[in-house]
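1. Below is the sequence, then the predicted model.
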Amino acid sequence: MNAREGRLIRALIHDGRLRVIAVVADAACREVVARHELRGRSAQLCAEGVVASLLLSAHIKGEERLMVQVQGQAPRLSFMADVRPDGGFRARLRPTWLPEGDSLSGTLMAAKWVGRKEIYRGAASLEESWESSLQRFLTDSQQTLGMVKLLVGQGEDGVDFAAGLLVESVGGSGLDKEAFGGLVDSLQHADLREVMTAFAFGQLLGSEVQVLESRPVGLECGDTRVRIERMLRSLGQTELQAILDEQGEAEVTCDWCNDTVLVTGDRLQELIEELQAGDSGRS
């Protein structure tokens, strides 16, 4: 599975005083929504969550990963995204359908990992919208002077526009809150489609754009069969034997990408024998 049709761009404007993170992820969001059969507000909130997670992932590198989680109280929902530094990500939202409405409240958490070691965790309240919540996260958790713009549009065929823009002051730029506001104020009520079009032509907030990096982003869940067989092994010999005896095979659906993998009876027997061999080697 590889839908690397989106982009994440890091850039500088206004003589290096402002850093820009831009994300365009129409196709990737459309893929997530379709795979999980999301409808109504669930599709909208999931696509917004994907764009927000990609914006937050701009500075991870090496073996780091970013995990973004949301627990919503109004409406009741759970969202999770896992992003790699190369732009590959996976995401999901439950439930598959939510009615239209204006309320949005809950908790937004982001954690950075290397292997199994957590190296950073931040949290903020989820209120009003993904856009305002991400803005609050940057202010409260990262102490960043920045502005966030998110927009997801849906047409008859699903998500037809999904983009985000994060503009923040660069350390040592000398910008205080008032000076920063003077540079970015025009973004407050700007049409993000028009802003992203201008950005594509190298202009933003009256300044030339100096691109530092442009990387593809897309939905990638990795080798689903390998992960599912690893999960089956973790059940142990007794449980695997019971599945083999009772069902003759195992059909498992990945919670991340909604792909279904069939593990045949012959393969279940091989997994049981591998576990037996491992136990014999340790005894």
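-> Yep, it's here.
2. ok, how many other residues are close to Ile21?
-> Ile21 has 22 neighbours, counted by other C-beta atoms under 10 Å. The C-beta positions use only the backbone N, C-alpha and C, and glycine is treated the same way.
3. bridging residues for it?
-> Judged by DSSP bridges, the bridge partners of Ile21 are Arg10, Leu166.
4. Thought Leu165 was touching it, still the case?
-> Yes - assessed by C-beta atoms under 8 Å, Ile21 is found in contact with Leu165 at 7.3 Å.
5. ok, the closest residue to Ala34 other than its chain neighbours - contacts?
-> Nearest residue to Ala34 in three dimensions, chain neighbours excluded: Gly158, at 6.6 Å (C-beta to C-beta, 6 or more residues apart in numbering). Neighbour list for Gly158: 30, 33-34, 43 [criterion: C-beta atoms under 8 Å, 6 or more residues apart in numbering].
6. Of the residues you listed, which belong to helices?
-> 30, 33-34, 43 (DSSP state H).
7. Narrow those residues to just the buried residues.
-> Buried residues within the ones in helices among the contacts of Gly158, defined by neighbour count using 16 or more other C-beta atoms under 10 Å: 30, 33, 43.
8. Confirm for me that the first one is in contact with Gln154.
-> No - distance between Arg30 and Gln154: 9.5 Å, which falls outside the contact criterion (C-beta under 8 Å).
9. Read off the pLDDT value for Asp140.
-> At Asp140 the predicted local distance difference test score is 79.
10. Got the phi and psi for it?
-> The phi/psi pair for Asp140 (degrees, to the nearest 10) reads phi -80, psi -40.
11. Could you pull up the contacting residues of it?
-> If a contact means C-beta under 8 Å, 6+ apart, then Asp140 has 122, 124 as its contacts.
12. Next, find the distance separating it from Gly146.
-> Distance, Asp140 to Gly146, using C-beta to C-beta, to the nearest Å: 12 Å.
13. And for Ser103?
-> Counting by C-beta to C-beta, the gap from Ser103 to Gly146 is 26 Å.
14. The two: which has the busier surroundings?
-> Gly146 (18 against 10).
15. can I assume the more buried one is in contact with Leu166?
-> Yes - counting by C-beta under 8 Å, Gly146 does reach Leu166; the two are 6.0 Å apart.
16. anything in contact with each of these two?
-> Counting by C-beta under 8 Å, 6+ apart, the residues touching both Gly146 and Leu166 are Leu138.
17. Look at Met196 and tell me its secondary structure.
-> Under DSSP: H, G, I helix; E, B strand; the rest coil, Met196 falls in the helix class.
18. And for Gln276?
-> Following three-state DSSP, we place Gln276 in the helix state.
19. Which helix or which strand is home to Arg225?
-> Taking DSSP states H and E as the definition, one finds Arg225 inside helix 224-235.
20. All the strands of the stretch 151-283 of the chain, residue numbers only.
-> Secondary structure of the stretch 151-283 of the chain by DSSP state E, counting those that start in this stretch: the strands cover 158-169, 203-204, 207-208, 210-219, 250-253, 260-263.
21. list the buried ones in the first one?
-> Using 16+ other C-beta under 10 Å as the test for burial, strand 158-169 gives 158-159, 161-169.
22. what does the fourth one give?
-> Neighbour-count burial for strand 210-219, counted by 16+ other C-beta under 10 Å, picks out 217-219.
23. before we move on, what about stretch 100-114?
-> Within stretch 100-114, the residues scored as buried using 16+ other C-beta under 10 Å are 104, 106, 108-110, 112-113.
24. Does Leu145 touch Ala179 like I think?
-> No - counting by C-beta under 8 Å, Leu145 stays clear of Ala179, with 9.5 Å between them.
25. Settle it for me: which of those two has more neighbours?
-> Relative neighbour count places Leu145 above the other of Leu145 and Ala179, with 21 against 13, counting by other C-beta under 10 Å.
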